[in-house]
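> model the following, please.
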Amino acid sequence: MKWKSQRFFLCLLPVFFASVFYLPAQILPFEILSSRDGLPQSQVTAIAQDNNGYLWIGTIGGLARYNGDSFVCMNVRDGLPSERIMDLLLDRDSTLWIATANGVVFLRQNRLTELSGE
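Numbering: from 1, shown residues only. A predicted model of the protein is given here:
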């Protein structure tokens, strides 16, 4: 019985080594983006992706929409209560909820609306 288990192990050993050493490693392409590429600030606090494929990136310097090529940035001049983005949430209606240090706004059909506390 002992000989059978050893023989079985010895038969599987070459298969194991062949699969470990001959399988190519998966290489995932990625790109490092920074403020030099148009990001408002390099400290990213939140990321969300909408149904159109845009990446929404919250930073401590504002909000950015990335289309895979360039950034469109938003800040307090565009209606954000604060440039410090705390969190992003995309709901099933494709509304982007933006939590900032000074309040919450939502973006629907390219229009920012502040959430009233009343």
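> contact partners for the residue lying closest to Trp56 once chain neighbours are set aside?
Distances taken as CB to CB, 6 or more residues apart in numbering place Ala48 nearest to Trp56, at 4.6 Å, with adjacent residues excluded. For glycine as for every other residue, the C-beta is placed from the backbone atoms N, C-alpha and C. By CB atoms under 8 Å, 6 or more residues apart in numbering, the residues touching Ala48 are Leu55, Trp56, Leu88, Leu89, Leu90, Leu96.
> from those, which land in strands?
Members of the contacts of Ala48 lying in strands (criterion: DSSP state E): Leu55, Trp56, Leu88, Leu89, Leu90, Leu96.
> of the residues you listed, buried ones?
Trp56, Leu88, Leu90, Leu96 (16 or more other CB atoms under 10 Å).
> wait, the last one sits on Leu88?
Looking back up the chat, that one is Leu96. Yes - the criterion here is CB atoms under 8 Å, and Leu96 meets it with Leu88 at 6.5 Å.
> what is in contact with the two at once?
When CB under 8 Å, 6+ apart defines a contact, the residues bordering Leu96 and Leu88 alike are Ala48, Trp56.
> ok, back up a step: and the contacts of Ala48 as JSON lines, adding pLDDT and distance to Pro40?
JSON lines is the format used below for these (pLDDT from 0 to 100; distance: CB to CB, whole Å):
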{"residue": "Leu55", "pLDDT": "96", "distance to Pro40": "13"}
{"residue": "Trp56", "pLDDT": "97", "distance to Pro40": "12"}
{"residue": "Leu88", "pLDDT": "97", "distance to Pro40": "14"}
{"residue": "Leu89", "pLDDT": "96", "distance to Pro40": "19"}
{"residue": "Leu90", "pLDDT": "95", "distance to Pro40": "19"}
{"residue": "Leu96", "pLDDT": "96", "distance to Pro40": "16"}
